[in-house]
Every structure is written in structure tokens, then in C-alpha cells.
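K.L.:
generate coordinates for the sequence data below:
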Amino acid sequence: MKKVIWISSLWLLMAACTNNTSNTATPAEKEQTDNIPEEREAGMLLQNYFPLLLSYLQKSNGTFSGDSVTQTESATQQAIAPYPIDPDKKDSFKQLLVYNTDSTKAIDMFSYNYILTNKNGALTAEAAEPDSEVALMDFESGKRRRIWFSGPSATVLDAAWMNPQEIAIAGMQENESGQRHPAVWIVSLPDSTINTYVYQQPANISTTAYLNQRFRGIKFR
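P.N.:
Reported below is the predicted structural model:
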């Protein structure tokens, strides 16, 4: 009888160890799981990085919540050789640049497709190109390179540094039916990968009104 009990206990112990092993992720597996963006986390993009835009969307569209978001695409930006920063554009658009923490780099959202004019000390920004470009200015190397580009279906409204290696770009994206949806593009600077997150709920906002609120001192048209 004692022998039977000892064997049964040994079998239960082995089964418990097996179950614990199968249910516990290895450090590598845990890291891989932690790095997978969840819909819940993606839904926090506007709240975490663009609270002003989220507030504006909610005021302009009473039912907009910003919770329902889907990753629609993961692509790589076509490589274009960096070129020297234009000193005149750098000075003209300095109020519209989004700098990193030590101001050695900046996100340029507007110099490609906007024209700035200064009339009696009042700066006016007027859209000139239907396409949109976001570029990275590196003041240490003196180079400017494209990190994001789109045709007329997308409009850029804002940008933010998530960390030294990633940039978030916020805007509006138009679908095939003509509906405009808020969108966030996450750009990985080392490999030029762009992950696109589109909010499922359409929204109607005035692009120029938001830009005038976001970048005070410059009149957008």
C-alpha cells in the first residue's frame, strides 16, 4: 500500500511540474508578447501623445471617443537620400518644428507643402501642395530626410517624439467612401517602418482651425 501511495504522489508531482513549465513563458517569449501592440494600447495614442487633438475631436464630434482603433498597415518608407537643411526654411519654419529633448533634431511637418508669408509681422501659412511630407531635421549632421509621405488622402495635423527612436504623426485619412478618419502613424527611425492606426469612427473637423489652435502666432489658411 505504501508503495502505491509513493508512486501516486510522484506522478502528481511530475504532472504539476509539467503544467507549470508549459504555462510559464520564458523571458524571450515574455519580451515578444510584451512588444505586441494591443488594441487597448493603440487606442491610447491620441490621449498619450495628442491630448489637444483628442479634445478638439471630441468637441467637434460629440460622440467621438477615441477608443476604437485598428492597425491597418505596416510598411516601409521608400528611401530617399538625405540632403542639406535649407537655412532659410529652417529659420522660417522654426516655430512649427517639433524638437527632441536636446534640440539636436526636429520633426518638420510643413515646409514641404506650406508657404509662409510675413505681412507686417503677421505670419501666414498657406497650403501649396496636395501631398504631405514629414521629415527629420538632424542639426548635428546638417541633413534633412523624409520619414513619411502621402498623397491628398491624408492630412498631417501634429507630431510628437515617443522616444529617441520613434515618432508619432497624427492626422486625418480619407477612405474610399470619402469619410475622414483620425489616424496615427508610428515611424521607427532606425528601419523606416511605419505602422498605421486608423480610428474606426469618422470625424469632421476643420484642419486649419485645429492648426491655428495648436500653433498660435501663425495663421493657417
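K.L.:
from now on I want contacts and neighbour counts done on CA atoms only, so please keep to that.
P.N.:
OK.
K.L.:
tell me who's in contact with the residue nearest the centre of the chain.
P.N.:
In the chain, the residue lying closest to the centroid (Cα atoms, centre = their mean) is A168, at 2.4 Å. Residues near A168 by Cα atoms under 8 Å, 6 or more residues apart in numbering: 49, 159-162, 184-187.
K.L.:
please apply the same query to I186.
P.N.:
166-169, 194-196.
K.L.:
in helices, which of the contacts of A168 fall?
P.N.:
Counting by DSSP state H, the contacts of A168 place Y49 in helices.
K.L.:
now the two most distant members of the contacts of A168.
P.N.:
Maximum pairwise distance in the contacts of A168, criterion Cα to Cα, is 13.8 Å, between Y49 and V187.
K.L.:
more crowded one of these two?
P.N.:
Neighbours were counted for Y49 and for V187 using other Cα atoms under 10 Å; V187 has more, 25 against 18.
K.L.:
and the strands in the chain?
P.N.:
69-76, 83-84, 98-99, 105-108, 114-119, 122-127, 132-138, 143-150, 154-163, 166-174, 180-188, 193-199, 218-220 (DSSP state E).
K.L.:
reformat those strands as JSON lines; add mean pLDDT.
P.N.:
Formatted as JSON lines, the strands of the chain follow (pLDDT from 0 to 100):
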{"stretch": "strand 69-76", "mean pLDDT": "86"}
{"stretch": "strand 83-84", "mean pLDDT": "96"}
{"stretch": "strand 98-99", "mean pLDDT": "98"}
{"stretch": "strand 105-108", "mean pLDDT": "98"}
{"stretch": "strand 114-119", "mean pLDDT": "90"}
{"stretch": "strand 122-127", "mean pLDDT": "91"}
{"stretch": "strand 132-138", "mean pLDDT": "97"}
{"stretch": "strand 143-150", "mean pLDDT": "97"}
{"stretch": "strand 154-163", "mean pLDDT": "96"}
{"stretch": "strand 166-174", "mean pLDDT": "96"}
{"stretch": "strand 180-188", "mean pLDDT": "95"}
{"stretch": "strand 193-199", "mean pLDDT": "95"}
{"stretch": "strand 218-220", "mean pLDDT": "92"}
